[in-house]
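Peer 1: Structure here, sequence nowhere to be found:
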């Protein structure tokens, strides 16, 4: 079961040579359960820092991050990344080159009983349209196929929230356009709550249910881009 995301008054900063250096200030948004949110903006605007804070890799100096009823971060609380039930997919797909697609997808499922694990791997590969590629290694797959394996791996543990950091940036234009639509279909089929960061406006509009533009560490707006269920 996925969960809604709520961020309220978030401040992110780090200690610099001349004191505290603020990266993100007064940041607030909500993503409904099963919806896809997107932060759009140029490099250095703070969008990836927000994603890292949601994942648990950056502490909150003020404000809060909640996932469903669980407080993930505040000035006084910091739930470790491994306890957040948050999945991540990066622009470098980080597939293990010595593992097949099947074993890459199953990597985070090692605590499952073998029959359950095999069923979940098969379900995820079918979801991303790669049931016939289970025994192929990453070097035997196209860039788009590698991306879908990475998506299947991120979805396999049933995270409450999936974070996507510029996941299409390493693909050529035609492949990117096709896969953006495919990934939206996959996430909707899985009922997955997700947050994407990108600098590509067309990509953001094609994928997201809600979108906001970031500039200099602030969220300029947060608006619906389509009707629920569309």
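Peer 2: Happy to help now that I have it. Not measured: the values here are computed from a predicted model.
Peer 1: residues making contact with stretch 13-29?
Peer 2: 5-12, 37, 46, 49-50, 53, 61, 63, 210, 212, 217-219, 222 (CB atoms under 8 Å, 6 or more residues apart in numbering). Backbone N, C-alpha and C define where each C-beta goes, glycine included.
Peer 1: what do you get for stretch 210-224?
Peer 2: Residues from elsewhere that reach stretch 210-224 (CB under 8 Å, 6+ apart): 12, 22-29, 31, 35-41, 45-47, 50, 204-205, 209, 225.
Peer 1: Filter those down to just the ones in helices.
Peer 2: 47, 50, 204-205 (DSSP state H).
Peer 1: Next, residue 121: phi, psi?
Peer 2: The phi/psi pair for residue 121 (degrees, to the nearest 10) reads phi -60, psi -50.
Peer 1: what sits against it?
Peer 2: 102, 105-106, 109, 134, 156.
Peer 1: Also residue 58?
Peer 2: By CB under 8 Å, 6+ apart, residue 58 lies in contact with 12, 49, 52.
Peer 1: 10 Å instead, please
Peer 2: Counting by CB atoms under 10 Å, 6 or more residues apart in numbering, residue 58 touches 10, 12-14, 23-24, 48-52, 73, 78.
Peer 1: For it, give its distance to residue 107.
Peer 2: To residue 107, residue 58 is 25 Å away according to CB to CB, to the nearest Å.
Peer 1: What of residue 43?
Peer 2: 30 Å.
Peer 1: quick one, which of those two is more surrounded?
Peer 2: Comparing residue 43 with residue 107 by other CB atoms under 10 Å, the one with more neighbours is residue 107, at 14 against 8.
Peer 1: Filter the contacts of stretch 13-29 down to just the ones in strands.
Peer 2: 5-12, 37, 63, 210, 212, 218-219 (DSSP state E).
Peer 1: From the residues you listed, list just the buried residues.
Peer 2: 5-7, 10-12, 37, 63, 210, 212, 219 (16 or more other CB atoms under 10 Å).
Peer 1: End to end on stretch 96-103, go ahead and measure it.
Peer 2: 9 Å (CA to CA, to the nearest Å).
Peer 1: Now do the buried residues in that stretch.
Peer 2: 100-103.
Peer 1: And stretch 58-69, by the same measure?
Peer 2: Applying 16+ other CB under 10 Å to stretch 58-69 flags 58, 60-68 as buried.
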